[in-house]
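Engineer: Sequence first, predicted coordinates after that:
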Amino acid sequence: MTDKLLPLREQIDTIDAQILDLLARRGRIAQEVGHVKAETNAPVFRPEREAQVLRGVAERNPGPLNSRDVQTIFREIMSSCRALEKRVTVAYLGPSGTFSEQAVYQQFGSAIETLPCISIDEVFRATEAGTADFGVVPVENSSEGAINRTLDLMLATTTVISGEISIPVHHSLMTKTGSMDGVTVVCAHSQALAQCQVWLNLHHPGIERRAVASNAEAAVLASQDATVAAIASEMAGEQYQLGVVQAHIQDDPHNRTRFAVIGSLEAGPSGRDHTSIVLAVPNKAGAVYKLLAPLARHGVSMTRFESRPARVGTWEYYFYVDIEGHLRDAAVARALDELKDNAAFFKVLGSYPQSL
Ligand SMILES: C=C(O[C@@H]1C=C(C(=O)O)C=C[C@H]1O)C(=O)O
């Protein structure tokens, strides 16, 4: 057995030495890139370039490694190379262990500084104030819909969207002991309680449900009190040493949450982008239909349409629209130019690479 392993391990050692040399070369070039950027005051993080690198490695991947896994490796390589230029600080809805934190690492890799915030408002504030270079906020959940606070703050602040992240959201029911004996209350964020309501009605109909600020906070509470069960990610459960009563209790097995990267950076075109805009129309029959006509005329696909009541007027709405393409794509630019003329309100939230 050992005789057979030895030469194989020698080959792996040789390859690892080559990988290390290549990583050092890549790192030195990233440092040069950093100097060039510093001279011109150009942004360190270039999401469009990183998206292209990740798409490229998946397309060229010869196997046997899985493309997702190869992307994870390259994301970390880029994160480390980027950190040689500057370590970016990313604010997110904390505490540590939330799905937002998972989204942060999925976008930026782990060579970053993180700033856990107590609310979505705080993420926006820290990002606008420059305490963080970027913020990561939840935008919508596939089963529960829009995160209204995020939509309102996108409208009210000067932040720009430079990226989107989509992650599977799996909830687990967890307690200090790993059993439901003596448990009197289930704590979770209101969204998570809603996403697990069918399962809870079926398995624990009599137990009180209490909404708390985040699933991670629920995990903290459960770690301190054996009468509390938490619904949270298994990642949060591990962090706070909880036992899993039941994994994957969300009603929709394909449950996903989409996050936006916010900041002052305007991402360039990556070849596969989304653009988010907010619109309002005069309160007239057929106004929304007329407003959106330029998109169809220029062959621009709409991928999302969401409305929010405006704070003024009784029946007035803001429309949050996502389209395919980048502001700098000719068809998108022309369609938005025409659309702007018919809108009572028009704001571009940003163009950014589509999530992987
Ligand atoms: C090296 C660069 O800086 C950063 C690091 C990248 C990388 O390591 O490939 C890519 C984009 C930037 O976020 C660059 O802009 O090319």
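Structural biologist: Now that the structure is in, tell me what you want to look at.
Engineer: use CA for all of it now, contacts and neighbours both
Structural biologist: Will do.
Engineer: how does the protein divide into domains?
Structural biologist: 89-169+256-263, 172-246, 273-353 (automatic domain parsing).
Engineer: Do the first one and the ligand come into contact?
Structural biologist: If I follow you right, that is domain 89-169+256-263. No: figure legend: domain 89-169+256-263 not in contact with the ligand (Cα under 6 Å from any ligand atom); closest approach 8.8 Å.
Engineer: measure that domain end to end?
Structural biologist: Domain 89-169+256-263 has its terminal residues 11 Å apart, counting by Cα to Cα, to the nearest Å.
Engineer: OK, contacts around the residue of the stretch 51-200 of the chain found nearest the ligand?
Structural biologist: Closest approach between the stretch 51-200 of the chain and the ligand, counting by Cα to the nearest ligand atom: residue 78, at 3.5 Å. Going by Cα atoms under 8 Å, 6 or more residues apart in numbering, residue 78 touches 50, 109.
Engineer: before we move on, what about residue 190?
Structural biologist: Going by Cα under 8 Å, 6+ apart, residue 190 touches 211, 212.
Engineer: Need the pLDDT of it.
Structural biologist: With respect to pLDDT, residue 190 has a value of 92.
Engineer: Now residue 355: phi and psi?
Structural biologist: Dihedral angles of residue 355 (phi, psi; degrees, to the nearest 10) stand at phi -60, psi 150.
Engineer: Residue 257 too?
Structural biologist: Phi and psi for residue 257, reported as degrees, to the nearest 10, are phi -120, psi 140.
Engineer: Bridged to it, which residues?
Structural biologist: As for beta bridges, residue 257 partners with residue 141, residue 167 under DSSP bridges.
Engineer: right, and it touches residue 142 too?
Structural biologist: Yes: using Cα atoms under 8 Å, residue 257 is in contact with residue 142, at 6.2 Å.
Engineer: more crowded one of those two?
Structural biologist: residue 257 (22 against 15; other Cα atoms under 10 Å).
Engineer: any idea of the pLDDT on the more buried one?
Structural biologist: Listed pLDDT for residue 257 reads 93.
Engineer: The protein against the ligand: which residues are in contact?
Structural biologist: Close to the ligand, as judged by Cα under 6 Å from any ligand atom, the chain has residues 30, 33, 44, 45, 46, 47, 49, 50, 78, 81, 82.
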